[in-house]
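Trainee: Below: sequence and its predicted model.
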Amino acid sequence: MAWLRLSTNTLSSTNTNISTGAITAKKFLFGISNLINQAGIASAVREQMNNDTSSNYAVRRSINGAVDSTATSATEIDCGVGVALDRLVICYTINIATEEKLQIYFETGNDVTGAGTAPYRVEQTPKWVNTSDQITEIDFNTSGSGIWQIGTNVMIMGTE
């Protein structure tokens, strides 16, 4: 098995959304993103699959090592609290058409510079409950008045 790059997208202008665009359906997906937030504006990452805005998402997460929280029957995957910082995101997804799409998702960011403050982190296990399609597009949106800056990048790889 070899990982193949399915999509890469880098913003050349600011936007509230960055998308993978159409990707070839693969059984396993690996994504890495550098989400550059608008300075001083708190926003959270919102993820959607195949432009699905129905209540088909659920997530269990821990932010900065705190007690787990959950969200169910959501219209998107809420990938963290509203913070004004850039993020590095790594995500693994199992993408079998007849099963719920499960992810393992890691996010880190730096909201205060210097060795005296630990980085921000999110660890979560989201799912998309669709059992009739494979993921063929992933969108990352900002919440509130946040805007992704020039250079924000999303890359998706896949394998059978």
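Mentor: Received the coordinates, thanks. Numbering: from 1, shown residues only.

Trainee: what about the lowest-mean-pLDDT helix or strand in the chain, distance to the chain center?
Mentor: Least confident element among the helices and strands of the chain, by mean pLDDT, DSSP states H and E: strand 77-78 (a mean of 84). For strand 77-78, the gap between its own C-alpha mean and the chain's C-alpha mean amounts to 8 Å (C-alpha atoms, centre = their mean, to the nearest Å).

Trainee: Pull up the pairing partners for the next helix or strand after it, direction included.
Mentor: On the C-terminal side of strand 77-78, the closest following helix or strand by DSSP states H and E is strand 87-94. Each strand paired with strand 87-94, and its direction, by DSSP bridges: strand 28-35 (antiparallel), strand 101-109 (antiparallel).

Trainee: Show the contacting residues for residue 66.
Mentor: If you count contacts by C-beta atoms under 8 Å, 6 or more residues apart in numbering, residue 66 has none. For every residue, glycine as well, the C-beta is placed using N, CA and C.

Trainee: should've said residue 12
Mentor: Residue 12 makes contacts with residue 150, as judged by C-beta under 8 Å, 6+ apart.

Trainee: how far is the helix or strand hosting residue 6 from where the chain is centred?
Mentor: Taking DSSP H and E as the criterion, residue 6 maps to strand 4-10. Distance of strand 4-10 from the chain centroid (C-alpha atoms, centre = their mean) equals 15 Å.

Trainee: Alpha carbons of it, in CSV - could you do that?
Mentor: Provided in CSV are the C-alpha atoms of strand 4-10 (Å, rounded to 0.1, in the frame of the first residue of the first chain):
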residue,chain,number,x,y,z
LEU,A,4,-1.2,8.9,-2.7
ARG,A,5,-1.8,12.7,-2.6
LEU,A,6,-5.4,13.2,-3.5
SER,A,7,-5.6,17.0,-3.0
THR,A,8,-3.8,20.0,-1.8
ASN,A,9,-5.2,23.5,-1.5
THR,A,10,-3.4,26.7,-0.4
